[in-house]
Each structure stands twice: as structure tokens, then as C-alpha cells.
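Asks: Pasting the sequence and the predicted coordinates here, then a few questions.
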Amino acid sequence: METAATALTFRDATDADVDELVALIESAYRGDDSRAGWTTEADILEGQRTDPEGVLEVIKSPDSRLLTVERDGRIVACCQLEHQGAHAYFGMFAVSPLLQGAGLGKVIIAEAERQARTTWGVTEMQMTVISVRDDLIAWYERRGYRRTGRMTPFPYGDERFGVPQRDDLQFELLVKELGQSATP
């Protein structure tokens, strides 16, 4: 029986993956293609979600990894993990819209948490989510993340992050205690 984790390969992204990763991230969040999945931001933001320079910056940063997930030789998902002292930051999470809703995201975030804990010894994962994304925040809450109420402003006027379609956007910090890594 096939499960969400069937035949997934996790690896760090390389420079050669940049164009494919940008296309994946854009397809998961922006434009009409993103409407095939439930993570779309097409109704609140237009324009780009990321660009080749932004993806390459994550790949090249010494404290960051862009975890790439493949199935059958195709990149189907990715997420950024950044070491920030006692915690790790989780971002740039994208799952192909055609594969959303089948449990793949749960498998990927669990593996990202495991890798952050075992690689860096962190005890907490943090992320920021656009505060009006109630469905997405609820999904993260079901994975053990909690809302902090700590907000940071959306970068209005910086089109590298998209073109807002409403004036009430801000980011909320979500956190999850990871605990200690299990001993083998």
C-alpha cells in the first residue's frame, strides 16, 4: 500500500535545483496553478513568492539548508531550515499543489523537525505565517505549533515578497517545542 512517505528522498538542494525549486514554490502559492492546492495565497498576494536569488541565498547560507524532497526523481516539495541558536527557523515550505491533501506535508515537517533536532540539537522550531491564513495556521496547530501573538509587519512596497491585495497583512510567529531527540 502506498503512503505519503512512499519512496521519498530527502536531500539538501544544490545550485542546479534553483529553477525547479522556484517553479515549485511559485506553483504552491501564487497564480492560478496554486489554486489546485489548499496553500494558495493567490487571493491575498499577487506577484512572486520568491526568486532565483532568494532560493540561492538559502542554499548558500552556512546556517541554512533547503531540504529538497523527491519522488520518482522529481522535486515534489521543499522547506528551509535555518539554525538560529537554540531554535531553528522553518520556512519556504512548498508541496506541489497536485500532491497536497494526501499527507505529504505531515511527513515532510516531521522529517524537518527530526533533522533540525539531530543536526543542530535545537529544542524549538519557529516559523512565521501570514496571520490571515487561518486554515494554514490551523494545520500547523494540529502539528503541535502554537500561536504566540507576536506579529511582525508585512514588507509592503517590497515586491520581492509579492503584491498585497489587502492592507491588513502581517506575520505571526508560531513555535513548537521539539524536546530531546530519541536515542537509537
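Replies: Looks like it came in fine. Residues are numbered from 1 along each chain as shown.

Asks: tell me the average confidence for the longest strand anywhere in the chain?
Replies: Taking DSSP state E as the assignment, the strand of the chain that covers the most residues is strand 74-84. Averaging pLDDT along strand 74-84 gives 96.

Asks: surely Leu8 meets Val69?
Replies: Yes. Judged on C-beta atoms under 8 Å, Leu8 makes contact with Val69 at a distance of 5.7 Å. In this view, the C-beta of every residue, glycine as well, is placed from N, C-alpha and C.

Asks: Those two: which has the busier surroundings?
Replies: Each of Leu8 and Val69 has its neighbours counted (other C-beta atoms under 10 Å); Val69 has more, 24 against 17.

Asks: Contact partners for the more buried one?
Replies: The neighbourhood of Val69, defined by C-beta atoms under 8 Å, 6 or more residues apart in numbering, consists of Leu8, Thr9, Phe10, Ile75, Val76, Ala77, Cys78, Leu104, Ile108.

Asks: Phe90 contacts Met127, doesn't it?
Replies: Yes. At 4.4 Å, Phe90 and Met127 qualify as touching, with contact defined as C-beta under 8 Å.

Asks: More neighbours: these two, which one.
Replies: Neighbours were counted for Phe90 and for Met127 using other C-beta under 10 Å; Phe90 has more, 23 against 20.

Asks: How about the secondary structure of that one?
Replies: strand (DSSP: H, G, I helix; E, B strand; the rest coil).

Asks: What's the per-residue pLDDT of it here?
Replies: For Phe90, the model assigns a pLDDT of 97.

Asks: Identify the bridge partners of it.
Replies: Beta-bridge pairing for Phe90 (DSSP bridges): Leu81.

Asks: circling back: any shared contact partners between Leu8 and Val69?
Replies: Contact criterion C-beta under 8 Å, 6+ apart; residues shared by Leu8 and Val69: Val76, Leu104, Ile108.

Asks: For the last one, grab the count of nearby residues.
Replies: Pointing back at Ile108 there. Residues contacting Ile108 under the criterion other C-beta under 10 Å number 23.

Asks: what's the answer for the first one, then?
Replies: Around Val76 there are 19 other residues, counting by other C-beta under 10 Å.

Asks: What of the one 10 residues further on?
Replies: For Ala86, the tally of surrounding residues (other C-beta under 10 Å) stands at 10.

Asks: same thing with Gly103?
Replies: Residues within reach of Gly103, counting by other C-beta under 10 Å, total 12.

Asks: Which parts of the protein are strands?
Replies: Remark: strands of the chain, listed N- to C-terminal, are 8-12, 45-46, 64-71, 74-84, 87-95, 124-130, 146-153, 163-164, 170-177; assignment by DSSP E.
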